[in-house]
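S.K.: Using only what follows, build the 3D model:
(4 chains)
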Number of protein chains: 2
Amino acid sequence: MPPQNLDAIFAALADPTRRAILTRLASGEAGVNELTEPFEMSQPAISKHLKVLERAGLVERAIDKQRRPARLKAKPMAAAVNWLEEFREFWSSSFDQLDDLLTTLKQTELKEPGNE
Amino acid sequence: MPPQNLDAIFAALADPTRRAILTRLASGEAGVNELTEPFEMSQPAISKHLKVLERAGLVERAIDKQRRPARLKAKPMAAAVNWLEEFREFWSSSFDQLDDLLTTLKQTELKEPGNE
DNA sequence: TCGGAATATAACCATCTAGTTATGCAAGTA
DNA sequence: TACTTGCATAACTAGATGGTTATATTCCGA
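M.R.: Numbering: from 1, shown residues only, chains lettered A, B, ... in the order given. Reported below is the predicted structural model:
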């Protein structure tokens, strides 16, 4: 809910390893070792990434014997989608205005020194 | 186009100041001073943020006398939206898998009717 | 030609990040 | 009980990030 969350969510999504983990989790829960395998990276590194995803609320951990399987929690991701959608709407709604502006800017850009 | 871009885009979106700048730019181009004013932050700090947005391809700079007005370049943002949408689709499509059954049940405590 | 406006750049600093290796610990198994 | 598995945690490191102040650059206008 707080915009601080957006910070964490976007930051979490900014890393390719973490996006890959999310994609992997989209097809089902997975333990840490399982998640580590596809990457050329140590297990603690993956544990850290999982912690980042947890803090962002994108992932939940369960307890299954010694395993701590991670599972997707996609609802918070909606916050990111939402921001982008709203932004897109906002941006689109000012499209006409923006379009004129773009033309103006382009002329300004191309304007040569020495003329009006 | 390269996924590296996604890194930069999401990272750019992870900062509230930068999101605010983008929102501001959605309603029209703006110079650095103008962008600096609403924040309790120095002008160089804003210049840095603009550079991050530029590297992510979300912003373009023009030249107008001494000004370097920034303007939105929303197309790359579509990459982020795209990833999220695709992810959402992927995730939704695996909704009926065993692994996610618990999650599904948890999230659908309100809607019972069996839809497939 | 000089001063001021708008911005960039440099140098610096504290904090965060993403990785490493080494180690600890809880739970299942022989 | 002792070993193994699955994972977390600690301690460390290099480099990125986000801010600062001070200074340089560029262009306009008087």
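
S.K.: quick one: low-confidence parts of chain A?
M.R.: Counting by pLDDT under 70, chain A contains low-confidence ranges at A:1-4, A:92-116.

S.K.: Write out the residues of it neighbouring DNA strand C.
M.R.: Residues of chain A lying near DNA strand C by Cβ under 7 Å from any atom of the strand: A:11, A:14-15, A:17, A:40-42, A:44-45, A:48-49, A:52, A:65-66. C-beta: built from backbone N, CA, C; applies to glycine.

S.K.: In these, find the pair that's most separated.
M.R.: Using Cβ to Cβ, the residues of chain A next to DNA strand C span at most 33.2 Å, a distance reached by A:Ala14 and A:Lys65.

S.K.: Settle it for me: which of the two has more neighbours?
M.R.: A:Ala14 (20 against 5; other Cβ atoms under 10 Å in any protein chain shown).

S.K.: near DNA strand D, which residues of chain A?
M.R.: Residues of chain A lying near DNA strand D by Cβ under 7 Å from any atom of the strand: A:31-34, A:43-44, A:47-48, A:50-51, A:61, A:66-69, A:113.

S.K.: Apply 6 Å and report the result again.
M.R.: A:31-33, A:43-44, A:47, A:50, A:66-69 (Cβ under 6 Å from any atom of the strand).

S.K.: Filter those residues down to the ones in strands?
M.R.: Using DSSP state E, no member of those falls within strands.

S.K.: filter these to the buried ones?
M.R.: Using 16 or more other Cβ atoms under 10 Å in any protein chain shown as the burial test, the residues of chain A next to DNA strand D include A:32, A:50, A:69 as buried.

S.K.: The first one touches A:Gln43, doesn't it?
M.R.: I take that to be A:Val32. Yes: with contact defined as Cβ atoms under 8 Å, A:Val32 and A:Gln43 form a contacting pair (6.1 Å).

S.K.: Would you mind confirming that A:Arg24 is in contact with A:Val32?
M.R.: No: using Cβ under 8 Å, A:Arg24 is not in contact with A:Val32; the gap is 11.9 Å.

S.K.: how near is the most centrally placed residue in chain A to A:Ala80?
M.R.: Note on chain A: the residue nearest the mean C-alpha position is A:Leu13, at 3.0 Å, using Cα atoms, centre = their mean. For A:Leu13, the distance to A:Ala80 (Cβ to Cβ, to the nearest Å) stands at 7 Å.
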